[in-house]
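Next input, structure requested:
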Amino acid sequence: MQLRGTYKEIWQISYPVILGSIAHSVNQLIDTAFLGHSSKTALEAITIGGIFYFVFVFIAGGLARGSQVIIARYSGENKTHKIGIAFDHLLLISIVLSGFLMLFFHFGSPTVLNFVIKSKAIQIDALEYIQKMNYAVLPVVLGFAFNGFYTGIGKTKIITIATLGMALTNIVLGYIFIFGKFGFEPMGIKGAGIATAVADTVLFFIYTIHFFSFKLPEKYNAFTFKSIQFSQIISIIRLSTPIVLQNIIGIGSWWYFFLSVEKLGEQELAVSGILKSIFTFIGIPVWSLASTSNTIISNIIGQNRIDDVIPVLKKILVVSVGISMSINVLIVLFAYPVLSIFTNDIQIIHDAIPPFYTLMIAMLFFSSSMIMNFGITGTGATFVPTIVELFCCTFYVIYCYYFIQLLHSPLYISWGCEVIYWFTLFVFTSIYWMGGFWRRYIKNIDMTA
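Now for the predicted structure:
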């Protein structure tokens, strides 16, 4: 499917991803909200444990994004038969990766968490959560692969359906297992892990059922597995490795922030856990549009319409900034009601207000810098965002170390690291696009015969 990059197409591809991402984020929001009304220790543990889990699981997200660039480029070039071959090889790599991740979480998590978390109670709860989530590593990783496939071909409505099914599963099971309903014993954070693991498995099954029901293997030459093409594996890994490193650096830096906050105190960590969930939720339209920019730009380059890249990028920026700012204004106006969703502790809500406004300042830069960063990935120059990420996260970590570790600053200053990160990302990506540097690094992604 060759895309034109109109506002209509941008919205048609983005809105199912936005709706799906909202449903996906309900997993984190529900876990945070339920545990916020259940146990403060569990709320703190799921903040650190959840980020630790996704630092490594997002390796699969990087592979999916790299493959998304390949699939979108093949789509733009009308090489439909190669899309399935790329997807098959992504699935093979994902299965192997899942095995390594499950072994790491099982044997490595106790050592890592005991080393980095000060509170013994938080250590125990975080490990409990990760052990339950480990059962869902394979469907989570394969779910990333399907997400990359559907986004790459521009058919994103199934993402909404699948993630809605996942979210509903997590809400129902989370309520039952965390609080102990319908004859079950209250399981707290253990119940949250079980509910989320089952929900992620439901997501994968919905993707699989849709994939075969609509005969997509025949249409895209998928699930043939006639032979392993190492050139295709190399192409995926070459494009994806910088994205994987980018994810590890970015999420790892975020994890460092929360580990630093934990040393300020359990109250500060509980507040930051709630702010993390809010940030994840209100950032949904931007993340979704960023993924759309990845697909459309790669597709347009596949059509050899290089001069249309900047106009399309500007259109996506207009949509992203417009939606993001509208949401931010509404949330700022109703800060107390929003925060009360996550906890009934008045003191936590009161303490969350100052850093909440700091986070809103960061969001001013987030809505545009994220689009431009993912747009670079769409050109195939995946190493560029990684270099930029390294610079931005260096400033981020230095800020955290100085203001949190050394000065023990209040949370509204501590969360200033988000302002630093998104502002520096905005500066670097703006220079890259406006300076015309992007034209020099457009990559040919086809290494197959």
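
count of residues packed around residue 100?
12 (other CB atoms under 10 Å). For every residue, glycine as well, the C-beta is placed using N, CA and C.

Relative to residue 56, how far out is it?
Plainly put, residue 100 is 9 Å away from residue 56 if you go by CB to CB, to the nearest Å.

residue ranges for the helices of the stretch 151-300 of the chain, please.
157-179, 189-213, 216-220, 230-264, 266-282, 284-302 (DSSP state H, counting those that start in this stretch).

what's the least confident stretch among those?
Lowest mean pLDDT within the helices of the stretch 151-300 of the chain: helix 266-282, at a mean of 83.

can you state the direction angle for it and helix 230-264?
140 degrees (axes from the mean of the first three to the mean of the last three CA atoms, to 10 degrees).

which parts of helix 266-282 are buried?
By 16 or more other CB atoms under 10 Å, the buried positions in helix 266-282 come out as 266, 268-282.

now do stretch 352-361
352, 355, 356, 358, 359, 360, 361.

Restricted to strands, list those residues.
Among those, none falls in strands (DSSP state E).

ok so, going back, just the helices of the stretch 151-300 of the chain: most buried one?
Of all the helices of the stretch 151-300 of the chain, helix 284-302 carries the top mean neighbour count, a mean of 26, counting by mean count of other CB atoms under 10 Å.

got the contact list for the closest residue to residue 49 other than its chain neighbours?
Once flanking residues are discounted, residue 49 sits nearest to residue 126: 3.3 Å by CB to CB, 6 or more residues apart in numbering. Residue 126 makes contacts with 45, 46, 48, 49, 52, 113, 117, as judged by CB atoms under 8 Å, 6 or more residues apart in numbering.

How much space separates residue 144 from residue 352?
31 Å.

nope, residue 286 is what I meant
For residue 286 relative to residue 352 (CB to CB), the value is 22 Å.

same check, this time on residue 304
50 Å.

quick one on the thing from earlier: in which helix or strand would I find the residue nearest to residue 49?
With elements taken from DSSP states H and E, the one containing residue 126 is helix 120-133.

Next, the angle from that helix to helix 189-213.
20 degrees.

Relative to the centre of the chain, find the outermost residue for me.
residue 183 (35.0 Å; CA atoms, centre = their mean).

next one: phi and psi at that one?
When read as degrees, to the nearest 10, the backbone of residue 183 gives phi 90, psi -10.

How about the one 5 residues further on?
Per-residue torsions, residue 188: phi 60, psi -130 (degrees, to the nearest 10).

That one: how many residues sit nearby?
Residues near residue 188, counting by other CB under 10 Å: 23.

Now for the nearest residue to it once chain neighbours are set aside: which residues touch it?
Distances taken as CB to CB, 6+ apart place residue 42 nearest to residue 188, at 5.2 Å, with adjacent residues excluded. Contact analysis of residue 42 by CB under 8 Å, 6+ apart lists 35, 125, 188, 189, 192.

Swap in 7 Å and give it another go.
35, 125, 188, 189 (CB atoms under 7 Å, 6 or more residues apart in numbering).

for residue 207, same thing?
Here residue 207 is in contact with 143, 146, 158, 162 (CB under 7 Å, 6+ apart).

where does the protein dip in pLDDT?
Applying pLDDT under 70 to the chain picks out residues 1, 20-29, 36-38, 444-449.

quick one on the thing from earlier: for the helices of the stretch 151-300 of the chain, give me TSV that also has distance to residue 17.
Formatted as TSV, these follow (distance: least, CB to CB, whole Å):
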stretch	distance to residue 17
helix 157-179	6
helix 189-213	14
helix 216-220	18
helix 230-264	18
helix 266-282	15
helix 284-302	4
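
of all the ones you listed, which lies closest to residue 65?
helix 230-264 (5.0 Å; CB to CB).

contacting residues for residue 46?
With CB under 7 Å, 6+ apart, residue 46 has these contacts: 31, 32, 35, 129, 189, 192.

could you redo the last one with a cut-off of 10 Å?
28, 31-32, 34-36, 39, 53, 122, 125-126, 128-130, 188-189, 192-193, 196, 273, 277 (CB atoms under 10 Å, 6 or more residues apart in numbering).

Kindly report the same for residue 442.
Neighbours of residue 442 in contact, by CB under 10 Å, 6+ apart: 297, 298, 301, 306, 309, 378, 379, 380, 381.

The last one and residue 437 touch, don't they?
It stands for residue 381. Yes - at 9.2 Å, residue 381 counts as touching residue 437 under the criterion of CB atoms under 10 Å.

okay, the two: which has more neighbours?
Taking other CB under 10 Å, residue 381 and residue 437 do not tie; residue 381 has more neighbours (20 against 13).

which residues touch the more buried one?
Contacts of residue 381 by CB under 10 Å, 6+ apart are 69, 239, 242, 432, 437, 438, 440, 441, 442, 443.

same thing with residue 3?
Counting by CB under 10 Å, 6+ apart, residue 3 has contacts 9-10, 12-13, 72, 75-76, 154, 292, 295-300, 302-303, 305, 312.

try residue 410
264, 268, 351, 354, 355, 403.

what's the answer for residue 188, then?
Taking CB under 10 Å, 6+ apart, one finds 34-35, 38-39, 41-42, 45-46, 125, 128-129, 177-180 in contact with residue 188.

out of these, what pair is the most spread apart?
45 and 180 (18.4 Å).

quick one, which of these two is more surrounded?
residue 45 (30 against 14).

Hmm, the more buried one is touching residue 120, no?
No - assessed by CB under 10 Å, residue 45 is found out of contact with residue 120, at 11.0 Å.

and the gap between residue 339 and residue 35?
With CB to CB as the criterion, residue 339 and residue 35 are 15 Å apart.

next one: residue 352
16 Å.

Can you add distance to residue 343 and give the contacts of residue 207 back as CSV?
Formatted as CSV, those follow (distance: CB to CB, whole Å):
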residue, distance to residue 343
143, 30
146, 34
158, 34
162, 30
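
ok, so of those, who is nearest residue 232?
Nearest member of the contacts of residue 207 to residue 232, counting by CB to CB, is residue 146, at 17.8 Å.
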